[in-house]
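# with the sequence up front, the predicted model follows.
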Amino acid sequence: MRILVTGGAGFVPSHLCERLLTDGHDVVAVDNFVTGHRRNLAVLEKHPRFSFVEADVTKVLPVDGRVDRIFHMASPASPIDYVQLPFETLYAGSDATRIGLERAQADGARFLLASTSEVYGDPAVHPQVESYWGNVNPIGPRSVYDEAKRYGEALTMAFHRYHGVQTRIVRIFNTYGPRMRANDGRVMPAFCSQALRGEPLTVFGAGNQTRSFCYVTDLVDGIVRLMESDLTEPCNVGNPHEMTMLELAEYINQFTGNKAGIVHRPLPTDDPTQRKPDITRARTTLGWEPKVPFAEGVERTVAYFREILA
Ligand code: NAD
Ligand code: UDP
């Protein structure tokens with residue numbers, strides 16, 4: 001197939017492009033490097049079936065010729081990114097989703113929206129199941145991301161219901177692995193790079209808040225399976241292995257031999273207190289579940305940061 005991936009120079013999308021090339025497809029990636037990096041394209045650009053277009057997908061999708069699949073992955077995705085890039089984030093979830101859906105309609109292509117566990121906000125239901133409608137502050141600093149993704153989901157369902165476009169929605173939970181930016185502010189790159197520099201790890205608040213971390217190749221496998229399934233309802237993809245941020249900090253310090261300990265910093269506004277995916281739907285409908293053990297994922301991720309920070 002000929003497959004278009006928006007945000008191809010980013011962390012998750014670059015791994016997705018790699019997987020699609022391995023599966024034998026032609027891949028066209030579009031990115032404007034707002035949070036992505038050319039370095040992430042290096043391995044892809046060696047491939048004869050890969051091409052790259054530099055463009056802002058909130059304005060145009062300048063890709064000639066029909067495509068069979070569109071993965072709309074482009075969006076700032078880290079809390080510090082989307083607070084610094086509020087309008088870019090809002091338009092990536094809204095305008096770019098519309099442009100991608102219109103292209104899917106014109107080409108008769110299948111469209112997948114990269115949504116997020118953030119649609120559940122600070123969840124009152126735990127673990128989060130797809131039928132839960134969420135608890136989102138519509139005007140808080142995170143709302144530019146959460147509400148744009150929620151609008152993107154509504155738009156995607158409307159194109160499916162009223163225009164008959166084949167659509168898929170993946171709700172991605174916290175994912176980690178090589179090619180995250182060391183300074184993107186997310187907890188895994190922050191802790192890994194602090195530990196490798198011998199600095200104390202910055203735990204926000206008391207550190208009792210929980211997250212559940214999925215290794216990137218597991219996530220990508222779930223996304224590919226979802227695209228090729230018949231499922232038009234949203235689907236959680238994530239690893240239910242839940243831990244507190246204090247436990248994560250202790251694990252990373254122990255793993256790297258960092259003796260600098262931890263320091264506490266203020267908890268950001270509206271930081272969700274708990275997060276863990278219910279993956280029953282992915283298990284039963286896609287036959288998917290995460291395979292990479294946490295220790296192995298951390299080992300690969302720390303090795304990557306060791307290399308780029310050297
Ligand atoms: P990332 O920032 O590494 O990748 C996003 C890419 O999109 C970047 O290369 C960026 O330059 C590009 N981009 C953003 N706006 C663009 C625009 N207007 N035009 C062209 N390119 C644009 O982030 P990521 O963590 O790889 O996230 C990828 C997708 O997965 C995002 O949609 C994000 O919301 C979603 N997601 C990720 C996670 C996670 O834990 N990594 C969790 C939930 C959802
Ligand atoms: N966090 C932290 N220290 C950091 C960065 C993040 O304690 O240096 C916490 C943050 O408050 C949140 C969790 O780690 O509770 C995950 O944050 P991240 O930004 O990775 O993703 P989120 O799930 O909040 O989108």
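It's in. Residues are numbered from 1 along each chain as shown. Ligands and ions are numbered 1, 2, ... in the order given.

# so what's L21 closest to, chain neighbours aside?
Excluding its sequence neighbours, the residue lying closest to L21 (CB to CB, 6 or more residues apart in numbering) is H47, at 5.1 Å. For glycine as for every other residue, the C-beta is placed from the backbone atoms N, C-alpha and C.

# residues contacting the residue of the stretch 1-150 of the chain at minimum distance from ligand 2?
Nearest to ligand 2 in the stretch 1-150 of the chain, going by CB to the nearest ligand atom, is P79, at a distance of 4.6 Å. Contacts for P79 (CB atoms under 8 Å, 6 or more residues apart in numbering) come out as 142, 145, 185-186, 268.

# buried subset of these?
142, 145, 186 (16 or more other CB atoms under 10 Å).

# tell me which parts of the stretch 101-250 of the chain are close to ligand 1?
Neighbours of ligand 1 within the stretch 101-250 of the chain, by CB under 6 Å from any ligand atom: 114, 116, 172, 174-175.

# quick check: the farthest pair among these?
Greatest spatial distance among these (CB to CB): A114 and N174, at 13.7 Å.

# and these two? Which one has more around it.
A114 (29 against 19; other CB atoms under 10 Å).

# a strand runs through the more buried one, doesn't it?
Yes - the assignment for A114 by DSSP: H, G, I helix; E, B strand; the rest coil puts it in a strand.

# give the contact list for it.
Going by CB under 8 Å, 6+ apart, the list of residues near A114 reads 7, 12, 71-73, 75, 170, 172, 223.

# pLDDT at it, what is it?
Looking at A114, its pLDDT is 98.

# what does the one 3 residues further on give?
Per-residue confidence (pLDDT) for S117: 98.

# how much space between the closest residue to it other than its chain neighbours and T210?
Of all residues not flanking S117 in the chain, F173 sits nearest, at 4.4 Å (CB to CB, 6+ apart). With distances taken as CB to CB, to the nearest Å, F173 is found 11 Å from T210.

# assign a three-state SS to the residue lying closest to R69 once chain neighbours are set aside, would you?
If the residues on either side of it in the chain are set aside, R69 comes closest to I3, at 4.5 Å by CB to CB, 6+ apart. Using three-state DSSP, the structure places I3 in strand.

# mind jotting down where the strands sit in the chain?
2-6, 26-31, 50-54, 69-72, 110-116, 167-172, 175-176, 201-204, 210-212, 214-215, 235-237, 242-244, 262-265 (DSSP state E).

# can I get the ones you listed in a markdown table with distance to R103?
As requested, the strands of the chain are exported to a markdown table (distance: least, CB to CB, whole Å):
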| stretch | distance to R103 |
| --- | --- |
| strand 2-6 | 8 |
| strand 26-31 | 11 |
| strand 50-54 | 13 |
| strand 69-72 | 6 |
| strand 110-116 | 8 |
| strand 167-172 | 13 |
| strand 175-176 | 26 |
| strand 201-204 | 39 |
| strand 210-212 | 33 |
| strand 214-215 | 29 |
| strand 235-237 | 22 |
| strand 242-244 | 38 |
| strand 262-265 | 42 |
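
# between the contacts of A114, identify the one with the most neighbours.
Busiest of these [other CB under 10 Å] is S75, holding 32 neighbours.

# wait, that one touches S94, no?
No - S75 lies out of contact with S94 (CB atoms under 8 Å); the separation is 10.3 Å.
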